[in-house]
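Enquirer: Using only what follows, build the 3D model:
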Amino acid sequence: PPATTAPTSSPPTASAPTAPAPMLANADFRRLFLGSAATAAPAPAAPSRVVTAAVSGFPLSCAVSLGGAREPIEPFEAGAPFPRCVWFRHCNIVQEPPSEGTPGTPGSCCAYDTVLCLSTSKWVHLHFGDAGLLCLFRRIHDALRPGGRLLLEPQPWSSYRKAAGVAPHVLRNYGRIQIKPPNFRDVLIHQIGFASCEQIL
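Expert: Below you'll find the predicted structure:
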């Protein structure tokens, strides 16, 4: 399904269309985040020297896919060099009442330049219904700085049908859904307050 971006403020004057950018591979992300010399995945460190994800504060997936950190990682600090400028937090963004620090809630607004919501909206929609989806969109909007962007990859409605039987409450919610993925663009602009919505793929 196509991904869309939704800036929170009016976009700049339109310019001539350009050729689509090439797809990024894992090696490209390593070069972006670890420097131009990082062309291959680092070899895992010897077990005695590996700092596990649990100790470093990074998800276990980082250690599994990229190898453990070879030296202890200092705590998060805004503006610090990578990887100290990155932190991970697990939360249910549509939980009511929200937990402290949930993005898009008082005290955590206007904090992000970009939010990625990839292959996620269907599961929020099925578990929490239309109200949950609207809550997700509102909190993402409120979490973005002025001019920030949401990169949304909505799943097709056909994939909802395939997943509806995973639990009784999901099946009930599926039968009550009124906001279908083709309507997300109008919802984001007219109900949530995004300035525009552009299909990029």
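
Enquirer: Sheet partners, orientation included, of the strand ranked longest in the chain?
Expert: Taking DSSP state E as the criterion, the chain has its longest strand at strand 144-153. In the sheet, strand 144-153 lines up against strand 4-7 (antiparallel), strand 112-118 (parallel) (DSSP bridges).

Enquirer: Specify the beta-bridge partners of L152.
Expert: On the basis of DSSP bridges, L152 is bridged to T4, C117.

Enquirer: From L116, how far off is it?
Expert: To L116, L152 is 8 Å away according to C-beta to C-beta, to the nearest Å. Yep, even glycine has a C-beta here, placed from its N, CA and C like the rest.

Enquirer: coming back round to it: and the helix or strand that the longest strand of the chain is followed by, what does it pack onto?
Expert: For strand 144-153, the following helix or strand on the C-terminal side (DSSP states H and E) is helix 157-163. Here helix 157-163 touches helix 121-143, helix 168-176, going by 3 or more C-beta pairs under 8 Å, 6 or more residues apart in numbering; DSSP states H and E.

Enquirer: which residues sit in contact with A78?
Expert: Shown in contact with A78 (C-beta atoms under 8 Å, 6 or more residues apart in numbering): C85.

Enquirer: got the buried residues for the longest strand of the chain?
Expert: L144, G148, R149, L150, L152, E153 (16 or more other C-beta atoms under 10 Å).

Enquirer: swap in stretch 122-131?
Expert: Those would be K122, V124, H125, L126, H127, F128, G129, for stretch 122-131 by 16+ other C-beta under 10 Å.

Enquirer: Dump the residues you listed to TSV, plus distance to C197 and pLDDT.
Expert: Shown next, in TSV, are those (distance: C-beta to C-beta, whole Å; pLDDT from 0 to 100):
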residue	distance to C197	pLDDT
K122	18	96
V124	18	96
H125	18	97
L126	22	97
H127	24	96
F128	22	96
G129	22	96
